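> What would the 3D arrangement of this be:
(2 chains)
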Amino acid sequence: MEIKVIKDVLEANNYIACKVKEEIAKRQAMMINIIGSPGAGKTSFIVKTIQYLDIKSVVIEGDVTSDIDSRKVAEFGIPVVQVNTGGGCHLNANMINLALKEMPVKNAIVFVENVGNLVCPASFDIGEDFKVALSSVTEGHDKPYKYPAIFEKAKVTILNKTDLKKYVDFDANFFYKGVKTLNPNGYIFEVSSILADGIREWGEWLKEQFKEKFKK
Amino acid sequence: MLHELSITSAILDTVLSELPADCNKVTRIDITLGDLSGFVGEHVKYYFELLSRDTPASDAILTFDYKRSKFRCTNCGKLYERSDFSIRCPYCKSMGTLIESCNSVYINRIEVE
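Residues are numbered from 1 along each chain as shown, chains lettered A, B, ... in the order given. Below is the predicted model of the structure:
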């Protein structure tokens, strides 16, 4: 016997993601999902961004194990909840749903640092307003070609560690061609989180997004 | 390869939730995989074998229909599909623009006994 199904296998996750999105909107908040390889500089980027913003911000840290990143964020006085996936290589919507219950924040930007990985986090929506793909010059210029899904889905691509460009063989033109092919309408910012270069441009854009969300 | 674990678990859950009460064996599952999903059919099969043990789907055959994303070349204007190793235009080797993204994973049909 044949059964026609035609069902997205991520339907259950997507349902919870919709609920999370509603909850975030109810709290007059905005949530961004930051996705990048291990060592791309996600945590430093988040800290530098929050230090620049004059908007209340909180962080949900996703890691397979450990609380190293959440302790680093907490050192700067930023409210943070650590989520350990226990082997899973991405955060899913239910994890965020539970983390938000521990964090009754309103009128804020929720930064979610996903597990360091460019594959699965692109597939699993968590109820975010938008995804940010964070890549660094030390990873090489081929990332959009090797991991197209995240560069296609991200509203913003951040190229981090630009202070190290002179030390590595990074073809910026090739990188940007790949990003633009997959995502012609996406936004791109170059930053050096260590030097805080480019954080102002990105931070101002982010503030504008936050204001715009509640104008509607 | 780890990446396929969650998606395979979701596939199995979806299949089992669709089974009629009087059915005790799933024989075939047809899955559509978008090329931008980043998931590999062979790895899904590997995890499915492990996860489906002691379920009605343990002997099911998995088939995969790979959907390829479509691009429009910004140089020669031709429409092309993403090839296995490149997002460049196969005609003039320029870069294009993504016009149809295939990044979903769907179950199309299942066969049961």
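
> Assign the closest residue to A:Glu2 other than its chain neighbours to helix, strand or coil.
Leaving out its chain neighbours, the residue that sits closest to A:Glu2 by Cβ to Cβ, 6 or more residues apart in numbering or on different chains is B:Glu111, at 5.4 Å. Where C-beta positions appear, they are placed from N, C-alpha and C, glycine not excepted. Look at B:Glu111: counting by DSSP: H, G, I helix; E, B strand; the rest coil, its state is strand.

> how far away is B:Glu111 from B:Gly41?
With the distance defined as Cβ to Cβ, to the nearest Å, B:Glu111 ends up 18 Å from B:Gly41.

> still on that earlier bit, quick one, what contacts the residue nearest to A:Glu2?
Counting by Cβ atoms under 8 Å, 6 or more residues apart in numbering or on different chains, B:Glu111 makes contact with A:1-3, B:26-29.

> change it to 7 Å
A:1-2, B:27-28 (Cβ atoms under 7 Å, 6 or more residues apart in numbering or on different chains).

> just curious, which of those residues is nearest to A:Ile150?
For the contacts of B:Glu111, the minimum distance to A:Ile150 (Cβ to Cβ) is 32.1 Å, reached by B:Arg28.

> Mind listing the residues bridging to that closest one?
B:Ile61, B:Glu111 (DSSP bridges).

> give me the number of residues near it?
15 (other Cβ atoms under 10 Å in any protein chain shown).

> is it true that it touches B:Ile61?
Yes - in this structure, B:Arg28 is within contact of B:Ile61 by Cβ atoms under 7 Å, at 4.9 Å.

> quick one: the strands in chain B?
Per DSSP state E, chain B carries strands over the ranges B:26-34, B:61-67, B:70-73, B:79-81, B:96-100, B:105-112.

> For the third one, name the packing helices and strands.
This means strand B:70-73. strand B:79-81, strand B:96-100 (3 or more Cβ pairs under 7 Å, 6 or more residues apart in numbering or on different chains; DSSP states H and E).

> which one of the contacts of B:Glu111 is nearest A:Asp69?
B:Arg28 (43.8 Å).

> Quickly note the distance from the closest one to A:Asn117.
Relative to A:Asn117, and taking Cβ to Cβ, B:Arg28 is found at 31 Å.

> cool, A:Lys166 as well?
28 Å.

> Can you pick out the residue with more neighbours from those two?
Between A:Lys166 and A:Asn117, counting by other Cβ under 10 Å, A:Asn117 is the more crowded of the two (22 against 8).

> quick one, what contacts the nearest residue to the more buried one once chain neighbours are set aside?
Nearest in space to A:Asn117, with sequence neighbours left out and distances taken as Cβ to Cβ, 6+ apart, is A:Cys89 at 4.9 Å. Going by Cβ under 7 Å, 6+ apart, A:Cys89 touches A:115, A:117, A:120, B:2-3.

> would you turn these into CSV with pLDDT?
Compiled in CSV, those are given as follows (pLDDT from 0 to 100):
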residue, pLDDT
A:Val115, 96
A:Asn117, 94
A:Cys120, 89
B:Leu2, 71
B:His3, 81
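
> Show me which of the residues you listed are buried.
A:115, A:117, A:120, B:3 (16 or more other Cβ atoms under 10 Å in any protein chain shown).

> For chain A, find the nearest of the helices and strands packed on strand B:70-73.
strand B:96-100 (5.2 Å; Cβ to the nearest Cβ).

> Just the element for the residue nearest to the spatial centre of chain A, please.
Central residue of chain A (Cα atoms, centre = their mean): A:Ile34, 1.0 Å from the mean position. Here A:Ile34 sits within strand A:30-36, counting by DSSP states H and E.

> and that strand, what other elements does it pack with?
Using 3+ Cβ pairs under 7 Å, 6+ apart: strand A:30-36 touches helix A:42-52, strand A:109-113, strand A:130-136, helix A:199-215.

> Could I get the pLDDT score of A:Ile96?
As predicted, A:Ile96 sits at a pLDDT of 98.

> Now do the phi/psi pair for the residue nearest to it when sequence neighbours are not counted.
Distances taken as Cβ to Cβ, 6+ apart place A:Ile126 nearest to A:Ile96, at 4.5 Å, with adjacent residues excluded. Dihedral angles of A:Ile126 (phi, psi; degrees, to the nearest 10) stand at phi -120, psi 10.
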